[in-house]
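In: Got a sequence here, can you build the structure:
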Amino acid sequence: MREVIRDEFDEEGWTVMKPLLATHATLLLDDIESSRAMMVEGQSGVGKTMLLKTFGGLTEQFCRRSDITPASFVSAGPSKSTGNSTNTDLLPQLEGRTLAVRDAQTLFGGSEQTIQSRWGTMARIMDGDGFYRHTATHGKAGYDDIRFNFIGATTPLSPRAWRMMGNVGQRLLFVEWPEEEYDDGWLASVVDGGERRPIERGQDVVQKFLHDLWEFHGGSSSVTWDDERPNEVMELIEYLAKVVIYARASIINRESQREAPKRIGQLLHDLARGHALIHGRTHLELEDVEVCGRVALSTMPSKRRGIVRALLDPDRDAPLTASDVETILDVSRPTARDRIDDVVALGFGEVVETTGRGGTTKAVEVNSEFRWPDGVPFPEF
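Out: Coordinates of the predicted model:
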């Protein structure tokens with residue numbers, strides 16, 4: 001499978017496919033009640049939709065939709081819970097399956113009130129509590145205790161969307177589609193085989209792999225996890241959870257307002273377990289943390305990613321100056337200074353004086369608690 005995905009979607013496609021597969025595989029675990037979700041975030045045209053299409057055809061494991069809104073889960077009409085035999089509600093169809101949405105952008109658009117209301121509803125649904133609607137015509141209709149997973153694709157989110165999701169509790173993990181290099185002659189590799197071949201070849205290998213994995217374990221909620229927890233693995237996941245809660249904190253009057261680490265720690269731990277499952281294991285090993293590293297450095301507002309990654313990069317052995325940030329992020333000098341102020345306010349680093357060609361200048365140095373650990377390869381974006 002890896003070779004085919006790399007061949008058809010390049011290394012970038014395989015990099016994104018791994019956390020998608022790991023997220024889906026968490027459905028096999030018998031100790032999870034709520035949804036696990038992974039959003040692929042990237043610019044239009046990079047291949048997000050085509051990659052998600054490789055999950056098509058495996059209807060016993062996936063439910064595919066072009067887009068989605070909370071109203072899709074339970075309609076305003078009579079549902080199965082009221083004895084309607086022609087029920088078309090989405091939520092009961094998702095039990096034990098992964099919802100794959102090719103265009104999840106609709107969930108993140110609109111006014112602040114709309115986004116917050118939408119994600120308040122989504123939070124209840126994803127927590128496994130079911131969902132009910134009340135209408136004057138049909139009264140109460142809905143469902144209890146539906147467990148499903150959720151994968152989707154979206155273009156980069158606005159700061160407003162991140163802020164509003166944070167107000168109702170973050171339940172999504174993100175993986176950013178890595179930046180691609182377009183050397184001379186790139187068009188031939190894109191048009192070779194057309195659009196159909198990558199999807200068809202991808203579907204063949206993905207469906208076989210997941211069909212065999214489900215058959216081996218016995219289906220959703222069938223795997224009892226080995227309770228052995230290597231200390232090094234758990235410490236690394238705790239570190240990555242800390243990176244996420246610091247990076248997506250709200251800054252109010254230059255003070256950082258952070259969420260508790262429990263939820264994101266659990267989500268990253270389960271992602272690592274899903275990664276272990278797709279590699280034939282029911283226990284964690286160090287290699288399972290690598291996928292969490294990429295996801296952690298993606299699960300933050302897009303305008304913060306560059307500066308956080310630059311500061312945490314273990315290959316950097318000097319503080320970051322405004323000139324460095326200007327070059328690395330390709331931004332103006334005032335914007336570079338703003339990014340440095342943000343990363344300091346978030347708690348990742350401290351302002352220091354450094355010597356340059358024109359004398360001394362202010363720079364930011366990573367705090368020791370955020371130095372990238374040796375056990376996790378630093379991802380390339």
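In: Give me the most central residue, this protein.
Out: F174 (1.9 Å; C-alpha atoms, centre = their mean).
In: Any chance of the backbone angles for L99?
Out: phi -80, psi 120 (degrees, to the nearest 10).
In: quick one: contacts for it?
Out: 62-63, 65, 68, 90, 148-152 (C-beta atoms under 8 Å, 6 or more residues apart in numbering). For the C-beta atoms, the positions are set from N, CA and C on the backbone; glycine is no exception.
In: Show the buried residues in these.
Out: 62-63, 68, 90, 148-152 (16 or more other C-beta atoms under 10 Å).
In: could I get the residues you listed as CSV with secondary structure, distance to I340 and pLDDT?
Out: Formatted as CSV, the buried ones among the contacts of L99 follow (DSSP: H, G, I helix; E, B strand; the rest coil; distance: C-beta to C-beta, whole Å; pLDDT from 0 to 100):
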residue, secondary structure, distance to I340, pLDDT
F62, strand, 43, 97
C63, strand, 45, 94
I68, coil, 38, 81
L90, coil, 45, 87
F148, coil, 42, 95
N149, strand, 38, 96
F150, strand, 35, 96
I151, strand, 35, 97
G152, strand, 33, 95
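In: and which of these is nearest to F9?
Out: Of all the buried ones among the contacts of L99, the one sitting nearest F9 is I151; the distance, using C-beta to C-beta, is 15.4 Å.
In: Go ahead and confirm that closest one touches P19.
Out: No - assessed by C-beta atoms under 8 Å, I151 is found out of contact with P19, at 9.0 Å.
In: Now for these two: what residues contact both?
Out: Common neighbours of I151 and P19, counting by C-beta under 8 Å, 6+ apart, are M38.
In: Packing partners of the lengthiest helix in the chain?
Out: Longest helix of the chain, by residue count under DSSP state H: helix 2-25. Contact here means 3 or more C-beta pairs under 8 Å, 6 or more residues apart in numbering; DSSP states H and E; on that basis helix 2-25 packs against strand 37-41, helix 48-53, strand 149-154, strand 173-176, helix 196-217, helix 262-278, helix 289-296.
In: which parts of the helix or strand harbouring R124 are buried?
Out: Using DSSP states H and E, R124 sits within helix 112-126. For helix 112-126, burial by neighbour count (16+ other C-beta under 10 Å) applies to 115-116, 118-119, 121-123, 125-126.
In: could those go into a markdown table alongside pLDDT and distance to V376?
Out: Formatted as a markdown table, the buried residues of helix 112-126 follow (pLDDT from 0 to 100; distance: C-beta to C-beta, whole Å):
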| residue | pLDDT | distance to V376 |
| --- | --- | --- |
| I115 | 87 | 33 |
| Q116 | 86 | 34 |
| R118 | 86 | 34 |
| W119 | 87 | 30 |
| T121 | 84 | 35 |
| M122 | 87 | 30 |
| A123 | 87 | 29 |
| I125 | 88 | 32 |
| M126 | 89 | 27 |
